[in-house]
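1. coords please:
(3 chains)
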Amino acid sequence: MPGKTKSRCADAEEVADTTMEDAPTSAQQPSDGMQEDQSGNNEEEDEKDEEEVEPQRVRILPGSSNTAASFEFLKEGHTMGNALRYIIMKNPDVEFCAYTIPHPSEDKMNIRIQTYDTTTASAALAKGLQDLEDLCDVVTDEFWTKRHDFMASK
Amino acid sequence: MAPSAGKKRAPPTAEEIDERNMVGVNKETVTNTTSNDYPDNYANEEHAWDKDDFRRSFKVQWHDNQQFEAQFSLIGIDASIANAFRRILIAEIPTLAIETVFVNNNTSVIQDEVLAHRLGLIPFTGSKKVICDVMGFWQKPAEGEDTWSTTFDTNTVGLSLKAKCTHNKDAPQDSKDPKVLYHNAHIYAKDITFDPLGGQSEWFTEDDKIRPVNPDILIAKLRPGQELDIEMHMHKGYGWDHSKYSPVATASYRLMPTIKITQPILGEDAKKFVQCFMPGVAGVEKVTRQEARTPDSGYEGHEGELKVVVKDAMRDTVSREVLRHPEFEGKVKLGRRRDHFIFSIESSGQWDSDELFLEAVKTMKRKCSVLKPQVTNMVYTF
Amino acid sequence: MSREAYQVPTASGNNSAPGGGTNLSRTFDTEGVTMNYICGDCGFKFPLRRQDNIRCQECGCRILYKERTKRMVQFEAR
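-> Numbering: from 1, shown residues only, chains lettered A, B, ... in the order given. As a prediction, this is how the structure comes out:
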């Protein structure tokens, strides 16, 4: 009996796999060696010396070109999605930018970026991250100086 | 992209910008709700991200700053960014909370699992420095590993709660209060004791000991003969895992309300108008001689009469009551400023409220700097 | 009572398990298997054997509770 169920299981998987080809990209298994693979391949020493080896959480989805690409972020949500979308849309070289969470029970967030010929989608994404960092610096400075002023005025 | 042919459009006036940032709150609808400060949205206006421009336009105003409650305004920021900060405050700043409960004895009427859940939700505090810098995250031991192989003084805080309820022999005969009749009838958060592990006795000195933020949280009620003997382990965790780890009781924002009086409202109407708002939002004043002499002000010949003035729009709840009355139709415009966020942060005790926001901004920056090299390292599949 | 000492009662009745109902002379030795009970009224703790009256030895209350396990029980505070 166990043997039988097992083989049936395998069949089911195969069937599922073939139909998966047509599934939305986010449901596909990552084809490049990202996520666990990456960290697993790294020598064990790596893990020891600061155990903060961040697994690769960003990948570019198939079907992307230089100026029009979709990026998949693992373990990110609306927090980074919407903030990044805003700051990337602020880039004049970007024609279109949007983010989505394809399925609520998958911890994934996709960002679509289409740019003019003056830049590439991944450069726009990198600039977005940099701009967001700069924004954080400005907010921190202003927030803390105004806090000091407020406490002093009391 | 290319500058449009013909004469250049003049840069927007302050009034124009104000109007753009105003969300209209009407009787049945809201209007002008989405941000439009993007490139190409207005001819001859850049609107590209610029750090220096942002530094010039971004303002913070403080309204209140107490240890466990802070209110401040962020002005000149987009909703997506303000919302990111709010979300990070709630779910992405770690705190210590009771995670595992070891029940040696519990003969009280409250069930073990309910008791464990109650204990988990109690906010604790202690040396901020040690909690932030020394304490790390506890990890579940791998399959086959010893249960305690991952438990260290740098990631676990031990607590215990031992109490037994007994009769109070000295209680007055006519007493009915269980707290007088019995010893330990009520068990409070203050009855939880901190058991330092390893180096913790040095890190958490007298005033910085791990302790409940509020000592008077009722945990259980006992009757004579009932007993509690519990040990607990606290771990660090994130709000996205369980709300007991959230550093805030509430973290929210609202948009700054605006009330614009477009035509004078006088006399009895003025009094009624004021009644439509929360106290302190609107008030009445006498029309001055100067106003009464100004042509087209709407106040001509009304010197000394009562008129409506907006005192403090920030206190408005935007109930829209005023829009229900026909006598005010066309005389008042309600709205909200789209780039003015009034934040309110209530800390649950482990952090100070103002620090929390700073930490949220720092967390967002860290998230960006973690992702940045990953974008560069991305494997290209096309 | 150790786990090994316990035998599942069967209908055939020719073994000595408690509850088998036959052959009382060979029921298992209850002398060692005393169970502590707690009076629901006065809180008095006392041992009872199988054939004893279900009654508090102090106050005569007929509601008795079993003791809680002495083992530690672990819970997640969630």
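2. can you tell if stretch C:37-49 touches chain B?
-> Yes. Shown here: stretch C:37-49 in contact with chain B (C-beta under 8 Å from any C-beta of the partner chain) through C:38, C:43. (C-beta placed from N, C-alpha, C; glycine too.)
3. List the contacts of that stretch.
-> The set of residues external to stretch C:37-49 that reach it, using C-beta atoms under 8 Å, 6 or more residues apart in numbering or on different chains, is B:224-225, C:30-31, C:33-36, C:54, C:56-59, C:61, C:63-67.
4. try stretch B:107-115
-> Residues from elsewhere that reach stretch B:107-115 (C-beta under 8 Å, 6+ apart): B:101, B:103, B:106, B:118, B:219-222, B:225-228, B:230, C:68, C:73, C:75.
5. Looking at those, which is nearest residue B:24?
-> Proximity of the contacts of stretch B:107-115 to residue B:24 (C-beta to C-beta) peaks at residue B:118, which lies at 46.5 Å.
6. what number of residues lie near that closest one?
-> Using other C-beta atoms under 10 Å in any protein chain shown, residue B:118 has 18 other residues around it.
7. any idea how far it lies from chain A?
-> For residue B:118, the distance to chain A equals 29 Å [C-beta to the nearest C-beta, to the nearest Å].
8. Tell me the secondary structure at that residue.
-> helix (DSSP: H, G, I helix; E, B strand; the rest coil).
9. List the contacts of it.
-> The contact partners of residue B:118, by C-beta under 8 Å, 6+ apart, come to B:110, B:219, B:220.
10. Mind checking which of these land in strands?
-> Counted as lying in strands by DSSP state E, out of these, are B:219, B:220.
11. If you rank the contacts of residue B:118 by neighbours, which is first?
-> Each of the contacts of residue B:118 was scored for neighbours by other C-beta under 10 Å, and residue B:220 scores highest at 24 neighbours.
12. ok, now which ones touch that residue?
-> Residues in contact with residue B:220 (C-beta under 8 Å, 6+ apart) are B:108, B:110, B:115, B:118, B:186, B:187, B:228.
13. And for residue B:184?
-> B:163, B:164, B:165, B:166, B:222.
14. Next, the buried residues of the host helix or strand of the first one.
-> This points to residue B:163. Per DSSP states H and E, residue B:163 falls inside strand B:157-164. Going by neighbour count (16 or more other C-beta atoms under 10 Å in any protein chain shown), the buried part of strand B:157-164 is B:157, B:158, B:159, B:160, B:161, B:162, B:163.
15. Show residues contacting it.
-> Here strand B:157-164 makes contact (C-beta under 8 Å, 6+ apart) with B:96, B:98, B:119, B:126, B:135, B:184, B:187, B:191-197, B:200, B:210, B:219, B:222, B:226-234.
16. if you set the cut-off to 6 Å instead, what comes out?
-> B:184, B:187, B:191-195, B:197, B:210, B:227-232, B:234 (C-beta atoms under 6 Å, 6 or more residues apart in numbering or on different chains).
17. Can you name the residues that contact residue A:121?
-> Going by C-beta under 6 Å, 6+ apart, residue A:121 touches A:67, A:69, A:113, A:115.
18. Quick check: closest non-adjacent residue to it.
-> Leaving aside its sequence neighbours, residue A:121 sits nearest to residue A:69 (C-beta to C-beta, 6 or more residues apart in numbering or on different chains; 3.7 Å).
19. on contacts alone, who are the packing partners of the helix or strand that neighbour falls within?
-> In this assignment (DSSP H and E), residue A:69 forms part of strand A:68-74. The contact analysis (3 or more C-beta pairs under 6 Å, 6 or more residues apart in numbering or on different chains; DSSP states H and E) places strand A:68-74 against strand A:58-60, strand A:108-115.
20. The shortest one near chain B at all?
-> So that's strand A:58-60. Yes. Using C-beta under 6 Å from any C-beta of the partner chain, strand A:58-60 reaches chain B at A:58, A:60.
21. Strand partners (parallel or antiparallel) of that strand?
-> Sheet pairing of strand A:58-60 (DSSP bridges) gives strand A:68-74 (antiparallel).
22. Check the last one too.
-> When sheet partners are counted by DSSP bridges, strand A:108-115 sits next to strand A:68-74 (antiparallel), strand A:94-100 (antiparallel).
23. still on that earlier bit, most widely separated two among the buried residues of strand B:157-164?
-> It's B:157 and B:163 that sit farthest apart of the buried residues of strand B:157-164, by C-beta to C-beta, at 19.9 Å.
24. Spatially nearest residue to the residue of the stretch 151-300 of chain B found nearest chain A (excluding sequence neighbours)?
-> Taking C-beta to the nearest C-beta, chain A has its nearest neighbour within the stretch 151-300 of chain B at residue B:240, 8.6 Å off. Of all residues not flanking residue B:240 in the chain, residue B:91 sits nearest, at 4.3 Å (C-beta to C-beta, 6+ apart).
25. Give me the helices and strands touching the following helix or strand past the strand holding residue A:69, please.
-> Sequence order places helix A:78-89 as the next helix or strand after strand A:68-74, per DSSP H and E. The contact analysis (3+ C-beta pairs under 6 Å, 6+ apart) places helix A:78-89 against strand A:94-100, helix A:121-153, helix B:79-91.
26. winner for burial among these?
-> helix B:79-91 (a mean of 21; mean count of other C-beta atoms under 10 Å in any protein chain shown).
27. how about low-confidence regions in chain A?
-> Low-confidence segments of chain A (pLDDT under 70): A:1-52.
28. how about residue B:15, phi and psi?
-> As for residue B:15, its main-chain torsions (degrees, to the nearest 10) stand at phi -60, psi -40.
29. Output the set of residues of chain C in proximity to chain B.
-> For chain C, the contact set with chain B under C-beta under 6 Å from any C-beta comprises C:43, C:68, C:72, C:73, C:74, C:75, C:77, C:78.
30. Using JSON lines, lay out these together with neighbour count and secondary structure.
-> Below are the residues of chain C next to chain B laid out as JSON lines (neighbours: other C-beta atoms under 10 Å in any protein chain shown; DSSP: H, G, I helix; E, B strand; the rest coil):
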{"residue": "C:43", "neighbour count": "17", "secondary structure": "coil"}
{"residue": "C:68", "neighbour count": "15", "secondary structure": "coil"}
{"residue": "C:72", "neighbour count": "12", "secondary structure": "coil"}
{"residue": "C:73", "neighbour count": "15", "secondary structure": "strand"}
{"residue": "C:74", "neighbour count": "14", "secondary structure": "strand"}
{"residue": "C:75", "neighbour count": "20", "secondary structure": "strand"}
{"residue": "C:77", "neighbour count": "23", "secondary structure": "coil"}
{"residue": "C:78", "neighbour count": "14", "secondary structure": "coil"}
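31. can you give me the helices for chain B?
-> Under the criterion DSSP state H, chain B contains helices at B:14-20, B:51-57, B:79-91, B:112-120, B:128-129, B:178-181, B:200-203, B:267-275, B:289-293, B:353-377.
32. tell me the mean pLDDT for the last one?
-> Here the mean pLDDT over helix B:353-377 is 95, rounded to a whole number.
33. Next: the first one.
-> Here the mean pLDDT over helix B:14-20 is 91, rounded to a whole number.
34. Output it as CSV - backbone C-alpha positions only.
-> The C-alpha trace of helix B:14-20 is given here as CSV (Å, rounded to 0.1, in the frame of the first residue of the first chain):
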residue,chain,number,x,y,z
ALA,B,14,2.2,78.7,-2.9
GLU,B,15,-1.5,78.9,-3.1
GLU,B,16,-1.5,76.5,-6.1
ILE,B,17,0.6,74.0,-4.2
ASP,B,18,-1.6,74.3,-1.2
GLU,B,19,-4.6,73.6,-3.4
ARG,B,20,-2.9,70.6,-5.0
